[in-house]
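1. turn this into a model:
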Amino acid sequence: MQDKLAQFQNLQGQMQLISMQKQQLFLQSADADNALGALEKSDATAKVYRAAGPILIETTKDASEKKLKEDKELSEAKLKMIEKQEAKLAEKLEELRNEIQGMLKGSGGTGAM
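-> Below you'll find the predicted structure:
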C-alpha cells in the first residue's frame, strides 16, 4: 500500500512538471506569434535585431520571420508530445487512484499501524 501511495505521489509530481513545461511551451509559441505580428507590421527595410545570448545581432526581416516560424513549429510539436505524455500519465494516475481506493475499501478503511 505504501509503495502504491509513493508511486501515486511520484506520478503527481511528474504531472506538475509536465504542466509547467506545457505552460512554458505555450508561452514560447505565443511570444513567437507576437514577434511575427510585429514583424508583419514593419516595413521590409526596417532594422531587425535578434538576441544571441546577452547581445543583439542585426538580421533581416525575412531571416527573423523564418527563424520565428521554425521556433513556433518546434514549440507546437513539443507541446503535442507533452500533451500525449500528459494524457498517458493522467490515465496511469486514474488507474492507480482506483487501485488504492480498492485496497482501502478491501481493508475496511483501516490501515496497518
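2. give the contact list for the nearest residue to Gln7 once chain neighbours are set aside.
-> The shortest distance from Gln7 to any non-neighbouring residue, by C-beta to C-beta, 6 or more residues apart in numbering, is to Leu96 (6.3 Å). (C-beta placed from N, C-alpha, C; glycine too.) Contacts for Leu96 (C-beta atoms under 8 Å, 6 or more residues apart in numbering) come out as Lys4, Gln7, Phe8, Leu11.
3. lowest-pLDDT helix or strand in this structure?
-> The helix or strand of the chain with the lowest confidence, counting by mean pLDDT, DSSP states H and E, is strand 48-52 at a mean of 91.
4. who does the helix or strand following it pair with, and is each partner parallel or antiparallel?
-> Following strand 48-52 in sequence order, the next helix or strand is strand 55-59 (DSSP states H and E). Using DSSP bridges, the strands paired with strand 55-59 are strand 48-52 (antiparallel).
5. list the buried residues for the strand it pairs with?
-> Val48 (16 or more other C-beta atoms under 10 Å).
6. residues contacting that strand, please?
-> Leu39, Ser42, Leu56, Ile57, Glu58, Thr59, Thr60, Lys61, Ala63, Ser64, Lys67.
7. most neighbours of all those, which one?
-> Neighbour counts for those peak at Ser64, which has 18 neighbours (criterion: other C-beta atoms under 10 Å).
8. the inter-axis angle of the helix or strand where it lies versus strand 55-59?
-> Using DSSP H and E, Ser64 falls within helix 61-106. Interaxial angle of helix 61-106 relative to strand 55-59 (axes from the mean of the first three to the mean of the last three C-alpha atoms, to 10 degrees): 130 degrees.
9. tell me the centre residue of the chain?
-> In the chain, the C-alpha nearest the mean C-alpha coordinate belongs to Lys22, at 1.6 Å (C-alpha atoms, centre = their mean).
10. so what's that one up against?
-> Going by C-beta under 8 Å, 6+ apart, Lys22 touches Leu79, Ile82, Glu83, Glu86.
11. report the two of the contacts of strand 48-52 separated the most.
-> Using C-beta to C-beta, the pair of the contacts of strand 48-52 lying farthest apart is Ser42 and Ile57, separated by 17.1 Å.
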